[in-house]
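>>> take a look and give me a structure for this.
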Amino acid sequence: MNENITPYHSPTATKKEQVADMFNNISGTYDFLNHFMSMGIDIVWRKKAIGELKALQPKIMLDVATGTGDFAFEAIKILNPEQIIGVDIAEGMLGIAHKKIVERNLAHVFSVRKGDSEGLLFDDDHFDAITVAFGVRNYENLEKGLADMYRVLKPGGKIVILEFSKPRNFPVKQGYNLYFKYITPMLGKLFSKDSRAYEYLPESVAAFPDGKDFTTLMDKVGFKNSIDRRLTFGISTIYTGIK
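Below you'll find the predicted structure:
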């Protein structure tokens, strides 16, 4: 699986440590490059993913691998929860998220803290819903991370995961592979001080067990009704499951 794909191929640092370093390095340009390289489609994807929680109307939410907070901000607009806590291992990303929270006067709803997705410091059965956007493929131990999110979710609660996936049909598959392998690293090198981060991106997506493989893993840790919903010709996928 994706545990062996690391940002810097360092023999002395764990994947978790390398991922934290990578996101600290690119935090200043992360939002811009996300929107620029996806031509804004990532915003649409986030809206669709958060829409999966409308029927549940969760009050207490956890956003894992929150990054700069965009997924949580979308949840606030669409779902109007009472509280969202965002956790991430990269302090640089959390700093930007916190700044955005203050600018938008949302500190009464949204707070962020440093946290490990594979060892969440919350009680069992605590959250109505959990969200993760473009984060699970960076887990050092994917099964452990899913299991810990399952632990802190309330019975009847729902998880929504948005992640890149691999298109399977011609010609989207070929165009996607070309863009991810050559164009993405070039743009990353042009706009970011860490070009390796944008070489790691297509590598991590290629190694990620998407589709049925991922819902099978969700089932293994205990989730029920695990479903994958492919978006934009399979470039990304929304995964949902119930505890």
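
>>> count the neighbours of Asp228 for me.
Asp228: 18 surrounding residues under other Cβ atoms under 10 Å. Every residue, glycine included, has its C-beta placed from N, CA and C.

>>> just the C-alphas of the helix or strand that contains it, formatted as PDB.
Taking DSSP states H and E as the criterion, Asp228 maps to strand 224-231. Extracted C-alpha coordinates of strand 224-231, given in PDB (Å, rounded to 0.1, in the frame of the first residue of the first chain):
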ATOM      1  CA  LYS A 224     -21.000   0.100   7.500                       C
ATOM      2  CA  ASN A 225     -22.500   1.000   4.200                       C
ATOM      3  CA  SER A 226     -19.100   2.100   2.900                       C
ATOM      4  CA  ILE A 227     -19.600   3.700  -0.500                       C
ATOM      5  CA  ASP A 228     -17.300   5.300  -3.100                       C
ATOM      6  CA  ARG A 229     -18.700   8.000  -5.400                       C
ATOM      7  CA  ARG A 230     -16.300   9.000  -8.200                       C
ATOM      8  CA  LEU A 231     -16.200  12.600  -9.400                       C
END
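
>>> avg pLDDT for that strand?
Averaging pLDDT along strand 224-231 yields 98.

>>> that one: partners in the sheet, and parallel or antiparallel?
Strand 224-231 has the following sheet partners, assigned by DSSP bridges: strand 236-242 (antiparallel).

>>> quick check: buried residues in the partner strand?
Ser236, Thr237, Ile238, Tyr239, Thr240, Gly241, Ile242 (16 or more other Cβ atoms under 10 Å).
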